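Peer 1: pasted the sequence and its predicted model underneath.
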Amino acid sequence: MSLLIVTGTGTDVGKTVVTAAVAALALAAGESVAVLKPVQTGTRTATETDIEVVSRLVGPAADCVVLGSYPEPLAPNTAARRAVMPATPPSAAVEEARRLADGHSRVLVEGAGGVLARFDDAGGTLLDVAAALNAPILVVAAAGLGTLNATALTTEAIRRRGLSCVGLVIGSWPADPDLAMRCNINDLRDVAETELVGAVPAGSGALDPQRFRRTARASLAPALGGTWDVAEFVVRHAAPAAA
């Protein structure tokens, strides 16, 4: 997986922190890493932009690149239009990802919002980027009520384009999960038709880089460079079947 697309089932599901976690483990394994954020929005009000969060958590060893930044927290094409700025088409992301892949052993491309969020008024999406690069997609999902439908729709869209989904990561797993979250552990795998490959603890984005790297290792499966075990996670956290 020299090229990996990271998408979310929506906004604020932990996609950026998961991207940083994959990057941190790749760096720890001795890989040269680049993180590409084709589009970020909401830069006017954000304390940190997404790419700044990745840079802070991973450190200067990763090459972090942004193509388009827009001030309002809106869908990329809407944010560009309202700012009277050029949109960032999928072709620009594809070109930059290929350039970065020439000099790095691992390139992560983090989308904005969901997999079908429009980059431009022509309707280009992250799926177009993944298809052009023939790159697998890692899906980051929320833990709680409402996540099943969003996750099912996301993975269905990926399959319909003939693309590969490498797994599902719960982007923010709380210390005290409620019943819906505990039930969702098994239900997510069923509706997504893919395996869980991680669950990142809530609040991980506030850690210092060293602690974040340890947390990433314990939160992601071996396929992503970590030690996380789905069977152990299910035993510890999943709700038991109803009597």
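Peer 2: That came in fine, so what should we check first? Numbering: from 1, shown residues only.

Peer 1: please name the nearest non-neighbouring residue to residue 183.
Peer 2: Spatial nearest neighbour of residue 183, excluding adjacent residues (Cβ to Cβ, 6 or more residues apart in numbering): residue 239 at 4.7 Å. Placement of C-beta: from N, CA and C, glycine included.

Peer 1: and residue 60, what helix or strand is that in?
Peer 2: Secondary structure from DSSP states H and E places residue 60 outside every helix and strand.

Peer 1: local confidence estimate at it?
Peer 2: Per-residue pLDDT puts residue 60 at 89.

Peer 1: report how many residues lie close to it.
Peer 2: 8 (other Cβ atoms under 10 Å).

Peer 1: low pLDDT regions in the chain?
Peer 2: Where the chain drops to pLDDT under 70, the residues are 1, 242-243.

Peer 1: show me the strands in it, by range?
Peer 2: All strands of the chain, identified by DSSP state E, fall at 3-8, 33-41, 63-70, 106-114, 137-141, 165-173, 196-201.

Peer 1: can you list these in a markdown table and add distance to residue 151?
Peer 2: Listed next are those as a markdown table, based on distance: least, Cβ to Cβ, whole Å:
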| stretch | distance to residue 151 |
| --- | --- |
| strand 3-8 | 10 |
| strand 33-41 | 22 |
| strand 63-70 | 27 |
| strand 106-114 | 10 |
| strand 137-141 | 5 |
| strand 165-173 | 7 |
| strand 196-201 | 11 |
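
Peer 1: want to throw those into JSON lines with mean neighbour count and distance to residue 87?
Peer 2: Shown next, in JSON lines, are the strands of the chain (neighbours: other Cβ atoms under 10 Å; distance: least, Cβ to Cβ, whole Å):
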{"stretch": "strand 3-8", "mean neighbour count": "26", "distance to residue 87": "19"}
{"stretch": "strand 33-41", "mean neighbour count": "25", "distance to residue 87": "8"}
{"stretch": "strand 63-70", "mean neighbour count": "20", "distance to residue 87": "7"}
{"stretch": "strand 106-114", "mean neighbour count": "26", "distance to residue 87": "12"}
{"stretch": "strand 137-141", "mean neighbour count": "28", "distance to residue 87": "22"}
{"stretch": "strand 165-173", "mean neighbour count": "24", "distance to residue 87": "27"}
{"stretch": "strand 196-201", "mean neighbour count": "22", "distance to residue 87": "31"}
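
Peer 1: contacts only, for the residue nearest to residue 183.
Peer 2: Contact partners of residue 239, counting by Cβ atoms under 8 Å, 6 or more residues apart in numbering, are 179, 182, 183, 185.
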